[in-house]
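Trainee: predicted coordinates and the sequence they were generated for:
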Amino acid sequence: MTTRSTVMFLVTALAATSAFAQDAPKADNTKINQRDRHGGQTTAFDQPNDAEDIKVAAAVRKAIVGDDSLSLSAHNVKFIASDGTVILRGPVKDDAEKARVESIVKGVPGVATVQNQLDSKH
């Protein structure tokens, strides 16, 4: 392949990638983010630095990410672990996935209760 061919190939590939990116739906979490900004809502900044809470939070994240059946959205849910309670927040694919995430978290050692505030897209 000549240098000119290589350059043309790269330009074509870049143009195709840009066109695809324009067609891809953009994530719009505006409503969820506005809800989470209100002072009464618990956010990730409220995660205690207590050693046990950090240990539980790490185990929850490992359990969620370790389930390959979950979507990327579910793998990235937000949560706070405090005194045995885990609050789940963020978008997931559907109601079945919402229930699956809750079930996984309930099975983590150190979790006594789960407040499932996940939002299903469908």
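Mentor: Structure received.
Trainee: which ones are touching the most centrally placed residue in the chain?
Mentor: By Cα atoms, centre = their mean, the chain has its centre lying nearest to N76, at 1.7 Å. By Cβ atoms under 8 Å, 6 or more residues apart in numbering, N76 lies in contact with G90. For every residue, glycine as well, the C-beta is placed using N, CA and C.
Trainee: buried sites along stretch 91-98?
Mentor: 91-93, 97-98 (16 or more other Cβ atoms under 10 Å).
Trainee: count of neighbours near T3?
Mentor: Neighbour count of T3, defined by other Cβ atoms under 10 Å: 7.
Trainee: report pLDDT for it.
Mentor: T3 carries a pLDDT value of 71.
Trainee: which secondary structure element of this structure has the lowest mean pLDDT?
Mentor: Within the chain, no helix or strand scores below helix 30-37, which has a mean of 57 by mean pLDDT, DSSP states H and E.
Trainee: noted, bye for now.
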